[in-house]
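S.K.: I would like the atomic coordinates for the input below:
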Amino acid sequence: MTNSTWTQVGAGVYRRRYDPLDVSVGLVMGPRGATVIDTRNNPAEAQEIINDVAQQFAVPIVAVLNTHAHYDHTFGNQLFAHAGIPIYGHHLIAQHFEEFERPRLLRVQQNPASEPDNSWAEVELTLPSVPIAETTTVELGGRELKLIPLGPGHTETDLAIFIPDAGIWFLGDIIEESGPPMFGSGSFPLGWPEVLRSLLKLIDPQHVLIPGHGQAVDRAFVSAQLAQFEELAQTLRTAYAASIAVDEIQYAAQLLALWPVEFLREAAVDGYAQLSEHDAS
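M.R.: Numbers count the residues shown, from 1 in each chain. Prediction:
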């Protein structure tokens with residue numbers, strides 16, 4: 001169930017869950033304006049964010065942050081860029097766009113019936129104007145935010161966002177609550193556990209974590225999801241070493257409780273490709 005309005009999750013920090021796809025959009029309020037976290041799936045959906053911020057808060061939007069490169073978090077970027085608003089994102093988003101998002105966008109624009117749920121006719125793929133390559137503290141609208149590029153996990157473009165004075169994290173799809181974590185489009189199932197372990201070193205028990213989709217969670221939730229990722233990574237490594245075909249891998253019940261078989265197959269395809277690349281290097 002998505003929220004019909006902005007929900008305060010910390011001091012001056014709000015989150016709204018938008019349909020379609022139950023995407024979490026963040027809002028960090030400061031004395032000189034608001035920072036928006038993620039821009040949704042197309043210009044019309046981005047305009048809805050802009051209208052909703054104006055209606056409830058009547059403050060200027062001074063910056064945008066992208067948690068990662070995927071279409072449901074970045075395809076609204078153009079509206080903010082056209083308004084001269086800086087967009088911060090992982091420095092590898094440009095590479096990811098060219099490999100994954102642009103080809104898919106062009107296919108759908110040429111044949112809209114191929115993905116009728118995605119209204120992409122007006123989308124102009126728009127990169128972050130401020131690429132982030134290392135942990136960076138920025139002041140946006142009068143609030144301090146810490147931007148942490150993560151290693152390859154959900155994608156190679158994941159950016160953790162921490163608001164220190166509120167104890168709030170926005171983590172994009174590196175964790176999922178309303179559905180299972182997604183693979184494909186450049187995911188790294190073997191690297192994902194290390195990303196979560198690195199995050200857990202930074203997250204305190206009292207911090208509030210906002211996933212890319214779903215309700216707010218806590219550190220214990222990340223620890224539990226980490227255990228499932230660790231088991232998945234070990235399963236894939238063992239199967240690969242034994243030359244078991246992707247479609248023949250047997251998964252433990254606890255993995256099947258979180259992920260449908262078709263999701264696990266996507267993880268296996270990506271994991272095997274990365275193991276094969278490692279062997280060849």
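S.K.: Glu176 and Gly214: what is the separation?
M.R.: The gap separating Glu176 from Gly214 is 6 Å, by CB to CB, to the nearest Å. C-betas here are computed from N, CA, C, even on glycine.
S.K.: Show the pLDDT at Asn3.
M.R.: On pLDDT, Asn3 comes in at 55.
S.K.: do Ala280 as well
M.R.: For Ala280, the model assigns a pLDDT of 87.
S.K.: what about it, how many residues close to it?
M.R.: Here the number of neighbours of Ala280 (other CB atoms under 10 Å) works out to 6.
S.K.: Ile85: what's it in contact with?
M.R.: Neighbour list for Ile85: Ile61, Val62, Ala63, Val64 [criterion: CB atoms under 8 Å, 6 or more residues apart in numbering].
S.K.: is it fair to say the third one lies in a strand?
M.R.: Yes. Following the definition DSSP: H, G, I helix; E, B strand; the rest coil, Ala63 is counted among the residues of a strand.
S.K.: That one is in contact with Thr39, isn't it?
M.R.: No. Ala63 lies out of contact with Thr39 (CB atoms under 8 Å); the separation is 11.7 Å.
S.K.: Mind checking which of those two has more residues around it?
M.R.: More crowded of Ala63 and Thr39, by other CB under 10 Å: Thr39, with 28 against 24.
S.K.: How about that one: what's its closest non-neighbour residue?
M.R.: Spatial nearest neighbour of Thr39, excluding adjacent residues (CB to CB, 6 or more residues apart in numbering): Gly76 at 3.3 Å.
S.K.: Can you name the residues that contact the one you found?
M.R.: Contacts for Gly76 (CB under 8 Å, 6+ apart) come out as Thr39, Arg40, Asn41, Asn42, Pro43, Glu45, Ala46, Gln47, Ile49.
S.K.: what does the model give the first one for pLDDT?
M.R.: Just to be clear, that refers to Thr39. 98.
S.K.: same question, Ala273
M.R.: Looking at Ala273, the pLDDT reads 94.
S.K.: For the stretch 1-150 of the chain, just list every one of the helices.
M.R.: Using DSSP state H, counting those that start in this stretch, the helices found in the stretch 1-150 of the chain span residues 43-56, 71-74, 77-82, 93-96, 102-110.
S.K.: Save those helices as a markdown table, and put in mean neighbour count, mean pLDDT and distance to Thr7 too.
M.R.: Converted to a markdown table, the helices of the stretch 1-150 of the chain look like this (neighbours: other CB atoms under 10 Å; pLDDT from 0 to 100; distance: least, CB to CB, whole Å):
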| stretch | mean neighbour count | mean pLDDT | distance to Thr7 |
| --- | --- | --- | --- |
| helix 43-56 | 16 | 97 | 11 |
| helix 71-74 | 25 | 98 | 19 |
| helix 77-82 | 20 | 98 | 22 |
| helix 93-96 | 19 | 98 | 28 |
| helix 102-110 | 14 | 97 | 31 |
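S.K.: Select, out of these, the one closest to Thr157.
M.R.: helix 93-96 (4.9 Å; CB to CB).
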